[in-house]
Each structure stands twice: as structure tokens, then as C-alpha cells.
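S.K.: Structure of the sequence below:
(chains A and B)
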Amino acid sequence: MLDRQFLRTQPEAVVAGARRKGIDVSSLVSEWTEKYQRFGTLRTALDEKRAAMNQAAKSIGALMAQGKKEEAESAKTQAKDLKDGIAEGEVEEREIDARLREIELEFPNLPHDSVPDGRTADDNVVVRAWGAKPEFAFQPEAHWDIAKRLGLLDLERGAKISGSGFAVYTGQGARLQRSLFNWMIDHQTLRNGYREIYPPFLVNSASLLGTAQLPKFEEDLYKAEEGLYLIPTAEVPVTNLYRDEILDADQVPMKMAAYSGCFRKEAGAAGKDTRGLLRMHQFDKVEMVKYARPEESYDELESLTADAESVLQALGLHYRVVLLCTGDMSANNAKCYDLEVWSPGVGMYLEISSCSNFGDFQARRANIRFRRAPGEKPEFVHTLNGSGLATPRLFSAIVETYQQADGTVLLPEVLRSYVGSDRLA
RNA sequence: GGAGAGAUGGCGGAGUGGUCUAUCGCGCUUGUCUUGAAAACAAGAGUGCCGCAAGGCACCAGGAGUUCGAAUCUCCUUCUCUCCUCCA
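M.R.: Residues are numbered from 1 along each chain as shown, chains lettered A, B, ... in the order given. Below is the predicted model of the structure:
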């Protein structure tokens, strides 16, 4: 959500910011402005009437106590008249308030000044790369071929028991998969200082409203009974942990990391980059979430991105860091880096992490605040999150990068104690 | 799933229709005192919106209603606790 004062005083800045993302909000902004003005005058008028009525109602009690029954009765009829006038206005007040909130939930976040303008992924900027593409003395295989040969995955039976987009990890594949998120959560908590959270995988709609998956992106979510949704990312439960709370100064910045399953319909993405493990309806991920002070949040984004990169570095995987342009970033964030890992068998850079700063956009929706000092006014925190990392593409990058001429996969050092072996064979 | 009891300010806990602008205790902030702290005493202290201000309005889990007036009465929802049932 955007600040109402900002919307009121600089509507043209909102329109211009959204336009940078390729979103036209001009008609929404003008409807909002009109409704907000009406809301203001209505509210003031109603408040005055309420004040008069409160006073009248209060006098009745006093008159009754003094035994002045007749005066009390006439005050009653007077108050009744005032009340009728208020009731009408209250209906309109409620309607306008509901519509204002509806509109406010529709507005996208505005991009930060440091985000480059652009329309598509072609306009993204590669800001740095780490390592180099590995050289092979043979033709490297794609992970789906390696996995088949070594019995790491069973995609056919995954499709049978659940549907396309659901993978079954088998044998050493299952063990590698489990080792990966075990090691990664250890890495982010023990090495990088995040507090570990193990969240529910189903959340209510208020949480999804808080992180802005709802109301706009409902078609991407699996919905369960009882108003619950399967989480598309641990960002949702973890960011919402302190919803409607005011944190003490020493709690901000706060760093949390969580392992979770993630569930996405991926509606509209069918057919594109979907082979093997490239795009799943269910996958596992270690997610990092930060609450930051507003003046520090862009520095915190840099360190968050570095923490995500440290996973790839420890595994020795070549990757690049891409700053998304305004047209390619999501509606909700203010600045976003993608990490793209090199996948030698597929022959592509694969998006494996998104590290985003949302500014106060989510914090306003979820009402997450902090107080700098006792007695001071609460302020919204800035929220950030980043994958650290998602396992399916990490799985494929490892298997493809470390495949050997003899058909085995040599495991990176850090994983060996987790897997209990130095190679998949 | 069944039966019952609850939800009040940072925490504990009163309040069952009219100075509730919510008693009291703990904790918190400031002042007096002290070299400093503690103790004692005094004062202060919620959140949001409107307003230059004075001030006003709303908020006692959430929503709807009754009433001139609701923390208090009615209905719905959510959550917590106890007992029963079921269960990894």
C-alpha cells in the first residue's frame, strides 16, 4: 500500500512511478482522489454531528440522575433526530471507505530511483558475475538425463500420482534434495546469523493480503478448504509473523530464515522452460526475510543478496546477478536482484533467487511497525526477502556442473557430510 | 466432531446500560532525593484519522444489530482454555 498523504499530495508521482513499471493507474488515482475528498468532508461533518449527539446523550444521564424526567425525555427526542441524520451519512462513509481500501490494495509499489527503466527481461542489467562457466571434455548432459541414468528423479510417476509439474525424488536424489535444504538452513542460520523459523505451509487470506499476493494474484495460488491457501513461498508466513505488532527498537533489523515447501499453479507459464525440474508446482526453498529500518533497507538488500550469493559460492556454482528493470520486476517490490545460476546441461542461466526490497509497501498492508525509542511514534518497517535458495534448479545446476566423464556426479565439499558420500553414482 | 468457559491497555486483572476521557497492581518514562543506582514520593504515558491550534471522532478479539446512550444486551465469525471423542 502507498501512503495516503503521498497519494493526496503527489498523485502525479504515483501515476509516473506505475508507468515506469508499465502499469496505468491514472483512472484509479483520479477515482481515489475524488472519493478521498468526499470521504474527508463527509467524515468531518459526521464527526461534528457525533460530537453533538454524544453531548446530548451524556446530558440525558445527568438529567435522569437529578430526577428531571421531562427534560430528559425531550433531550431524548432531540438526540434521536441527530442520530437519524448520522445514520444516513454512515452508510455512505462505509461504502466510500471500503472502495478506497479496495483501490489502495490495487496500486502497485513504486520502483526505487536506482532501478533502470525498461520493458522486458532484455532490459535487465547484469551487475556482476561470479566464477566461470565450467569446461567439459565431453558433451554435458541435462539434469533430466543424468537423473534418469542415476535414478535420482521419477518424473513420470510424479505426473501419475499428482500431475505434471510434480517431481518424485528417489534414492540418492531424495537424499541430495534433503541434504540441500538442511545444509542451506544451517548456512543461513549458523553462518549468516538468521533466526530459524519453521512456518505453517497453509495460511489465511489476511496473510496473503499482507504480502500482496492477494487480491491481485489469486489465480496463482492453490486454495484449500476453510479459507486457507497453500503458501507460494515462506515469504508469506514469515513476513506476516509480526503483522499488527509494534516492535521495539532492538528488534529491528530482524533477520529470519525458513525452510518450506512452496506451491504455485504457474498459470500462464505452461510450455516455457518446463522440462525436468525447471518449473514445478511444488518445490522446496529456504527463504530469508528481513525487517529493516527505512534508512537502511537498501543496504540491507545488498547484504541479503550477498547472503544468497554465499550459497552459490560455497557450492562453487557459476552465477550472475541481474538488476531487474522496471518492466520486468513484480508489481509489489521497489527493487529486485535476481541470481541466475549457470546450468551447463540445459545451456541457460536459470533464475534461482529473487532478492527484493518492498520498502514499506508490505508493512503498510500488514501493519508491521517499530518504535525507535519509548514514547516515540511507531514507524513502518521496510520488508525484504530473498531465496536462499530454491532447490529444484539448485539440484539441476549441481548435477549438471559436477557431472564427470565416467557418468557420476562429484559433490561439492560442503554437501558431503550431509549426503554421506562424495559422489552420486 | 460434542459440551462448557472465556477474549479488556506492554503484562496481570476489575468493570454486566449513563462523569468509563476504563478501577487497581506490576512494568515503563520523567522529576524530586542521591556521587550513581535502588527505595520512597510526585507527575506522565495507548493506536489511528481530521485540525495551525484548541479540540473533535473512532477503537475494550473482528463484524452486524438493539438503544438517546454499549466494554456491558442480541446475533454471526475468529481465536484461546477445560472436559469428552478421534488421531501422527
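S.K.: Residues in contact with stretch A:124-138: which ones?
M.R.: A:116, A:118, A:309, A:312-313, A:316-325, A:328, A:337-338, A:342, A:344, A:401, A:403, A:405 (Cβ atoms under 8 Å, 6 or more residues apart in numbering). To be clear about C-beta, it is placed using only N, CA and C from the backbone, and glycine gets the same treatment.
S.K.: list the buried ones in it?
M.R.: Buried residues in stretch A:124-138, counted by 16 or more other Cβ atoms under 10 Å: A:Asn124, A:Trp130.
S.K.: Can you give me the end-to-end span of it?
M.R.: With Cα to Cα, to the nearest Å as the measure, stretch A:124-138 spans 32 Å from end to end.
S.K.: thinking again about what came up before, which ones among the contacts of stretch A:124-138 are found in strands?
M.R.: Using DSSP state E to define strands, the subset of the contacts of stretch A:124-138 located there is A:Tyr319, A:Arg320, A:Val321, A:Val322, A:Leu323, A:Tyr337, A:Asp338, A:Trp342.
S.K.: how about the residues of chain A near RNA strand B?
M.R.: A:4-5, A:40, A:43-44, A:46-48, A:50-51, A:53-58, A:60-62, A:64-65, A:76, A:79-80, A:83, A:94, A:246, A:369, A:374-375, A:377-378 (Cβ under 7 Å from any atom of the strand).
S.K.: Of the residues you listed, select the buried ones using a PyMOL command.
M.R.: To isolate the buried members of those in PyMOL, using 16+ other Cβ under 10 Å:
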select buried, chain A and resi 46+53+56+60+79+369
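S.K.: In helices only, show me the residues of chain A next to RNA strand B.
M.R.: A:4-5, A:40, A:43-44, A:46-48, A:50-51, A:53-58, A:60-62, A:64-65, A:76, A:79-80, A:83, A:94 (DSSP state H).
S.K.: Low-confidence regions, chain A specifically.
M.R.: Low-confidence segments of chain A (pLDDT under 70): A:268-272.
S.K.: Which parts of it are helices?
M.R.: Using DSSP H, helices in chain A cover A:4-9, A:11-20, A:26-65, A:69-106, A:143-150, A:155-161, A:172-186, A:205-210, A:235-239, A:297-315, A:361-366, A:391-401, A:413-419.
S.K.: Output those helices as CSV; include the columns distance to A:His382.
M.R.: Converted to CSV, the helices of chain A look like this (distance: least, Cβ to Cβ, whole Å):
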stretch, distance to A:His382
helix A:4-9, 15
helix A:11-20, 17
helix A:26-65, 24
helix A:69-106, 19
helix A:143-150, 37
helix A:155-161, 39
helix A:172-186, 24
helix A:205-210, 14
helix A:235-239, 11
helix A:297-315, 4
helix A:361-366, 7
helix A:391-401, 28
helix A:413-419, 32
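S.K.: List the contacts of the residue nearest to A:Pro253 when sequence neighbours are not counted.
M.R.: Nearest non-adjacent residue to A:Pro253, counting by Cβ to Cβ, 6 or more residues apart in numbering: A:Ala292, 4.8 Å away. Contact analysis of A:Ala292 by Cβ under 8 Å, 6+ apart lists A:Val252, A:Pro253, A:Glu300, A:Asn357, A:Val381, A:His382, A:Thr383, A:Leu384.
S.K.: any idea which of the residues you listed is the one closest to A:Leu277?
M.R.: For those, the minimum distance to A:Leu277 (Cβ to Cβ) is 26.8 Å, reached by A:Leu384.
S.K.: now the closest residue to that closest one other than its chain neighbours, which residues is it bridged with?
M.R.: Distances taken as Cβ to Cβ, 6+ apart put A:Lys290 closest to A:Leu384, at 4.3 Å, once the chain neighbours are dropped. With DSSP bridges as the criterion, A:Lys290 is bridged to A:Lys255, A:Leu384.
S.K.: how about A:Lys290, what does it touch?
M.R.: Counting by Cβ under 8 Å, 6+ apart, A:Lys290 touches A:Pro253, A:Met254, A:Lys255, A:Met256, A:Glu300, A:Leu304, A:Thr383, A:Leu384, A:Asn385.
S.K.: How much space separates it from A:Asp113?
M.R.: A:Lys290 sits 21 Å away from A:Asp113, going by Cβ to Cβ, to the nearest Å.
S.K.: Over to A:Val127?
M.R.: Taking Cβ to Cβ, one finds A:Val127 at 16 Å from A:Asp113.
S.K.: Just the buried ones from the contacts of stretch A:124-138?
M.R.: A:118, A:309, A:312, A:317-325, A:328, A:337-338, A:342, A:344, A:401, A:403.
S.K.: For stretch A:17-37, give me every contacting residue.
M.R.: Against stretch A:17-37 from outside (Cβ under 8 Å, 6+ apart): A:4, A:7-8, A:11, A:14-15, A:96, A:99-100, A:103-104, A:106-108, A:110-111, A:115, A:117, A:119, A:326-327, A:329, A:331.
S.K.: swap the cut-off to 6 Å and go again
M.R.: A:11, A:14-15, A:96, A:99-100, A:103, A:108, A:110-111, A:117, A:326-327 (Cβ atoms under 6 Å, 6 or more residues apart in numbering).
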